[in-house]
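Q: please work out how this folds:
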Amino acid sequence: MVTQQEKCKAFKDLHHTGEAFIVPNPWDLGSAKLLQGLGFKALATTSVGLAYTLGVADYEISLDQLLAFCKALSAVTDIPVTVDFENGFAADPERVAKNIERLVETGVAGCSIEDFDGDTQTLYDFGVAVERVAAAAETVSALNMPFQLTARAENLLRGVGDVDDTIKRLKAFEAAGAHVLYAPAIRSLDQLRTVTSELSHPFNVLAPFVKGASVADLQAHGATRISVGGALNWHAVSPVIRAGKEMLEHGTFGWMNDVSSVNEVKKLFG
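A: Take a look at the predicted model:
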């Protein structure tokens, strides 16, 4: 059995090999085991994907629901898992820190916290955003394992197209103790380079927004970690919708020609 300590160390090491790596985002236990079986070295949860499995919208899952999922996910996987921890499920820095303590107990190897409040749909003021990261970093630094804290600057994703403010926030998060920086919705390689050239810590890029870019392209422009957010979840949903429409509209089952082999899935599950 791989220990949490070993998972944390493996995850930290992945960020410092000099090579960019993909951390795909499973949305349930089965997809996590498939991705592990395919050979990925680490996984990242997706809040929107988990919400989908529970039949609710993003930001509607509770902290207890997420913690239960993370505990189960850690139990069925042998590779590091980092968690989309939304805003830490609190606005207050001290409460964010306490919630991260609870998250660590589930066995995961890292988490991200964002500077966006899903309840009010607003960005936290700069000072508050930095305080929240600092409180999280202080909690993480007291652990006996290299749990990786990722700090997210959300403004580009939330329609505030201010790259200078993104850089300002990320640099402050870096100084506050975050191990990895992340700004979802960077939309070009040039924009990626503009941001990463101002940072010294590893950077996570959300691949679906940088259309047509390869791992090599993203690495060349400063990315260390590459995630896909909820894209795999929605990619998996598409054939279900097509199959449902075929059955309802045509009364046929042609979609069955493309189903995965049960034996192949069992093999990947190990």
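Q: who are the contact partners of residue 171?
A: Residue 171 is in contact with 198-199, counting by C-beta atoms under 8 Å, 6 or more residues apart in numbering. (Glycine included, C-beta is placed from N, CA and C.)
Q: all helices of this protein, in order?
A: Taking DSSP state H to define them, one finds helices in the chain at 4-14, 29-38, 47-53, 63-76, 93-104, 126-141, 163-176, 189-196, 215-220, 231-250, 262-269.
Q: need these in CSV with mean pLDDT, can you?
A: As requested, the helices of the chain are arranged in CSV below (pLDDT from 0 to 100):
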stretch, mean pLDDT
helix 4-14, 98
helix 29-38, 98
helix 47-53, 96
helix 63-76, 98
helix 93-104, 98
helix 126-141, 98
helix 163-176, 98
helix 189-196, 98
helix 215-220, 98
helix 231-250, 98
helix 262-269, 96
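Q: JSON lines please, covering the ones you listed and showing distance to residue 118.
A: Listed next are the helices of the chain as JSON lines, based on distance: least, C-beta to C-beta, whole Å:
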{"stretch": "helix 4-14", "distance to residue 118": "25"}
{"stretch": "helix 29-38", "distance to residue 118": "23"}
{"stretch": "helix 47-53", "distance to residue 118": "9"}
{"stretch": "helix 63-76", "distance to residue 118": "12"}
{"stretch": "helix 93-104", "distance to residue 118": "13"}
{"stretch": "helix 126-141", "distance to residue 118": "14"}
{"stretch": "helix 163-176", "distance to residue 118": "18"}
{"stretch": "helix 189-196", "distance to residue 118": "23"}
{"stretch": "helix 215-220", "distance to residue 118": "27"}
{"stretch": "helix 231-250", "distance to residue 118": "18"}
{"stretch": "helix 262-269", "distance to residue 118": "33"}
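Q: correct me if wrong: residue 268 contacts residue 32.
A: No: taking contacts as C-beta atoms under 8 Å, residue 268 lies outside contact range of residue 32: 11.0 Å.
Q: ok, the two, which is more surrounded?
A: Using other C-beta atoms under 10 Å as the criterion, residue 268 and residue 32 rank with residue 32 on top: 23 against 16.
Q: so what's that one up against?
A: With contact taken as C-beta under 8 Å, 6+ apart, residue 32 is in contact with 26, 43, 73, 76-77, 81.
Q: are any of those residues buried, and which?
A: The neighbour-count test (16 or more other C-beta atoms under 10 Å) marks 26, 43, 73, 77, 81 as buried among the contacts of residue 32.
Q: ok, the third one touching residue 29?
A: Read it as residue 73. Yes: between residue 73 and residue 29 there is a contact under C-beta under 8 Å: 6.2 Å.
Q: returning to that earlier point: let's have the buried ones among the contacts of residue 32 in CSV, adding distance to residue 103.
A: Listed next are those as CSV, based on distance: C-beta to C-beta, whole Å:
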residue, distance to residue 103
26, 17
43, 15
73, 12
77, 16
81, 11
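Q: pretty sure residue 129 contacts residue 166?
A: No: Residue 129 lies out of contact with residue 166 (C-beta under 8 Å); the separation is 11.7 Å.
Q: what residues are up against residue 119?
A: residue 59.
Q: quick check: phi and psi at it.
A: With angles defined as degrees, to the nearest 10, residue 119 sits at phi -70, psi -40.
Q: next, give phi and psi for residue 45.
A: phi -70, psi 160.
Q: list the contacts for it?
A: Contact analysis of residue 45 by C-beta under 8 Å, 6+ apart lists 25-26, 66, 69-70, 73, 81-84.
Q: can you put the residues you listed in CSV and add distance to residue 259?
A: Listed next are these as CSV, based on distance: C-beta to C-beta, whole Å:
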residue, distance to residue 259
25, 23
26, 19
66, 31
69, 26
70, 30
73, 25
81, 28
82, 31
83, 31
84, 29
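Q: just the ones of the buried ones among the contacts of residue 32 in strands?
A: Counted as lying in strands by DSSP state E, out of those, are 43, 81.
Q: quick check: the residue lying closest to residue 135 once chain neighbours are set aside vs residue 24, distance?
A: Nearest non-adjacent residue to residue 135, counting by C-beta to C-beta, 6 or more residues apart in numbering: residue 93, 3.6 Å away. Separation of residue 93 from residue 24 (C-beta to C-beta, to the nearest Å): 31 Å.
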